[in-house]
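Trainee: The following block contains a protein sequence and its predicted model.
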Amino acid sequence: MKGKVFKFGDDISTDHITPGRYFHLRGDMAKLAEHTLEDADPSFAKKVQPGDFVVGGRNFGLGSSREHAPRVIKECKVSAVLARSFARIFYRNSINVGLPVLECDTDGIDAGDELEGNLAQGVIRNLTKGEEINFTPIPEFMRGLLADGGLAAHIKKHGGFKL
Amino acid sequence: MGQTLSEKIISEHCGRQVKPGDLVIADVDAAMVQDGTGPLSVKELEKAGLVQAVHPERTVLFLDHASPSPRSELSNAHNILRSFAARTGVIVSEIGEGVCHQRMVEEFARPGDLLVGADSHTVTSGALGAFATGMGSSDVGFAIALGKVWLRVPETFKIELTGFFKPGVFAKDLMLSVIGHIGADGATYKAMEFLGPVAHTLPMHERFVLSNMAVEAGAKAGLFAADNVTKAYLEDAGRGEDFTALAPDDDAVYEKTFSFDLGEIEPTVSFPHTVDNTRKVGEARGIKIDQAFIGTCSNGRLEDLRIAAEIVKGKKVASGVRFLIVPASRKVYLEAMREGLMETFIEAGGVIQPPGCGPCVGIHQGVLGDGEVCISAQNRNFKGRMGNPEGSIYLASPATVAASALTGKITDPREFL
């Protein structure tokens, strides 16, 4: 995966990612995704390109349990979300819908930087800065869920949960 | 090694003694979704060919976020849930019956339960001694269909409570102070357990506020021991048989302990746009408001309405201020009517809305205009939360909200006691 960085600050809530005023669009993920991250950057959904990265600060995804939050980011074909830390439910939802979420030091990553990553090899490179970014490994069971293609695919494949 | 409340409940539901960090597959006693998250759960189950419920009598689909529905798309979303219920035998909580978390504690949650819900404030049921946690649509959908969920056993933070509230100070002030102290991510992933001799004296409605807002510090669950207060609450609700006493072991191991002296807490306000941006009410005094709102799963209970009614009785809401009251459930609404509280609010110039989430989710019934300010007894003040990123939300206790409605500015409720 390879793409440009959209940089956000700390405490990006699920209300920033998929605002409550678009509640009525939750049945149509493509339409809902037109408003992705609108209350943090109104132009995000128009500018983001397939492969791009969302990079946040601390506590990314705090707030609601709405799984729509990682789903719309995935719908925008974002490669991965990088943040210093993630809220618990958002992190779990992201894995369940097959969106890679990587915990790492994001201070040195700037808007517009180009990143390249290979999750299987556990590495992300900042091509603009010529740096390698180390991230906290995704727990093993969750890595399995991601590899299976998310929770629904995991359940289908194994006929239930397989630790 | 002794166990915390969370460790005990999870052990009970996976058939072995667990410790923090263990990954388990646990049995689920009760599950819930709401109209914002439930349709996606149904869609995932349909895709997987699993339209079924293992415990239909303890699976509840709540129509509370867009209630009554303001748009055709949301009416259709409601029908997806009604149709799922017709096919599986699960329970629908209809328009006007109330907010999911309030109804869960009134009728469904029990001490010792493992309960999951597709709503972050599912943690509210922890006040009854349940391990209750919020998850997404897929997780809860499969929990409904399979009766199981996977969990990592959390470490536990002990929140030790000492002292007693001074007049005009409530659990909301305490919890805003706790979150201000430890931060909106200070308890990320941890179970918060509210313990110590003073926790045992707190009435249930105050416990609900603390458990409800545990998630605002990032916690996975917020629990109280199930004690005599819990027993009395369930007996009053005609559910005495649902009671089981539950306490942590004396030698339980906590990752951290935080102590709070209730006597030192003052009326507290969270400033926009994060819950942990808290200050004492004096620092907010004089901020002009356009809307004042009492309701939600955090503070829409009978006791909240009583204190607010006491403050506004015989007085008038400030000119230009909308004062919105949303009882958390039909039961709360009926009891408030019988006590004459609704008359008091209406005479003061308040607006009563049907039980449900009301303006808290930004869909209808109280959306803010550009530059407008709301003081609210809800649990969240994120940018855009009340339907407009150009609006600002301050969080406070129902008493502070009621006092502010009267003056049109954020006001210390102790001026009206």
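Mentor: Sure, I can see it. Predicted model, so just to flag it, every value in this text is computed and none were measured.
Trainee: what residues are up against residue B:291?
Mentor: B:321-324, B:359, B:366, B:368, B:372-376 (C-beta atoms under 8 Å, 6 or more residues apart in numbering or on different chains). Just so you know, the C-beta spots here come from the backbone N, C-alpha and C atoms, and that holds for glycine as well.
Trainee: So it versus residue B:351, what's the distance?
Mentor: If you measure residue B:291 against residue B:351 using C-beta to C-beta, to the nearest Å, the figure is 10 Å.
Trainee: With residue B:34 instead?
Mentor: Per C-beta to C-beta, residue B:34 is found 23 Å from residue B:351.
Trainee: the more surrounded of the two?
Mentor: Legend: neighbour count by other C-beta atoms under 10 Å in any protein chain shown for residue B:34 and residue B:351, higher for residue B:34 (29 against 15).
Trainee: Chain A contacts on the stretch 101-250 of chain B?
Mentor: Neighbours of chain A within the stretch 101-250 of chain B, by C-beta under 8 Å from any C-beta of the partner chain: B:117-120, B:122, B:134-139, B:142, B:146, B:148, B:150, B:152, B:184-185, B:188-189, B:218, B:220.
Trainee: rewinding a little: which residues are common contacts for residue B:291 and residue B:351?
Mentor: Contacts common to residue B:291 and residue B:351, judged by C-beta under 8 Å, 6+ apart, are B:322-324.
Trainee: Around chain B, which positions in chain A sit nearby?
Mentor: Residues of chain A lying near chain B by C-beta under 8 Å from any C-beta: A:11, A:13, A:15-16, A:19-21, A:23-27, A:39, A:58-59, A:62-68, A:85, A:87-89, A:92-93, A:96-97, A:139, A:141, A:150-152, A:155-156, A:160-161, A:163.
Trainee: let's see 7 Å
Mentor: A:11, A:13, A:15-16, A:19-21, A:23-24, A:26-27, A:39, A:58-59, A:62-67, A:85, A:87-89, A:92-93, A:96, A:141, A:151-152, A:155-156, A:160-161, A:163 (C-beta under 7 Å from any C-beta of the partner chain).
Trainee: Any of these buried? List them.
Mentor: A:11, A:13, A:15-16, A:19-21, A:23-24, A:26, A:39, A:58-59, A:62-67, A:85, A:87-89, A:92-93, A:96, A:151-152, A:155, A:161 (16 or more other C-beta atoms under 10 Å in any protein chain shown).
Trainee: Could you name the residue of chain B that is farthest from its center?
Mentor: The outermost residue of chain B relative to its centre, with distances by C-alpha atoms, centre = their mean, is residue B:49 at 32.8 Å.
Trainee: so that one sits in a helix?
Mentor: No - looking at residue B:49 with DSSP: H, G, I helix; E, B strand; the rest coil, it is coil, so not inside a helix.
Trainee: So out of everything in the stretch 301-417 of chain B, what residue is nearest chain A?
Mentor: Going by C-beta to the nearest C-beta, chain A is nearest to residue B:362 of the stretch 301-417 of chain B, at 3.2 Å.
Trainee: tally of neighbours for that residue?
Mentor: 24.
Trainee: wait, it sits on residue B:383?
Mentor: No - judged on C-beta atoms under 7 Å, residue B:362 makes no contact with residue B:383 at a distance of 10.6 Å.
Trainee: Name the residues of the helix or strand hosting residue B:310 that are buried.
Mentor: Residue B:310 is part of helix B:302-312 when elements are defined by DSSP states H and E. The neighbour-count check on helix B:302-312 (16+ other C-beta under 10 Å) flags B:302-309, B:311-312 as buried.
Trainee: and what of stretch B:56-71?
Mentor: For stretch B:56-71, using 16+ other C-beta under 10 Å, the buried residues are B:58-67, B:69.
Trainee: near chain A, which of the residues you listed show up?
Mentor: B:65-66.
Trainee: Can you give me the distance of residue A:86 to residue A:70?
Mentor: 10 Å.
Trainee: And residue B:118, by the same measure?
Mentor: In this view, residue B:118 and residue A:70 are 14 Å apart by C-beta to C-beta.
Trainee: which residues touch the residue of the stretch 301-417 of chain B closest to chain A?
Mentor: The contact partners of residue B:362, by C-beta atoms under 7 Å, 6 or more residues apart in numbering or on different chains, come to A:19-21, B:384-387.
Trainee: Nearest to residue A:34 among those?
Mentor: residue A:19 (11.8 Å; C-beta to C-beta).
Trainee: Which residue, neighbours along the chain excluded, lies closest to the closest one?
Mentor: residue B:384 (4.7 Å; C-beta to C-beta, 6 or more residues apart in numbering or on different chains).
Trainee: Three-state assignment for that neighbour, please.
Mentor: Each residue gets one of three states, and residue B:384 gets coil by three-state DSSP.
Trainee: Over to residue B:292?
Mentor: When classified by three-state DSSP, residue B:292 comes out as strand.
Trainee: tell me the pLDDT at it?
Mentor: At residue B:292, the model reports a pLDDT of 98.
Trainee: In contact with it: list those residues for me.
Mentor: B:321, B:323, B:375, B:401, B:404-405.
Trainee: What values do phi and psi take at residue A:124?
Mentor: Note on residue A:124: its backbone torsions stand at phi -130, psi 130 [degrees, to the nearest 10].
Trainee: Just give the number of residues close to it.
Mentor: Residue A:124 has 24 neighbouring residues, counting by other C-beta under 10 Å.
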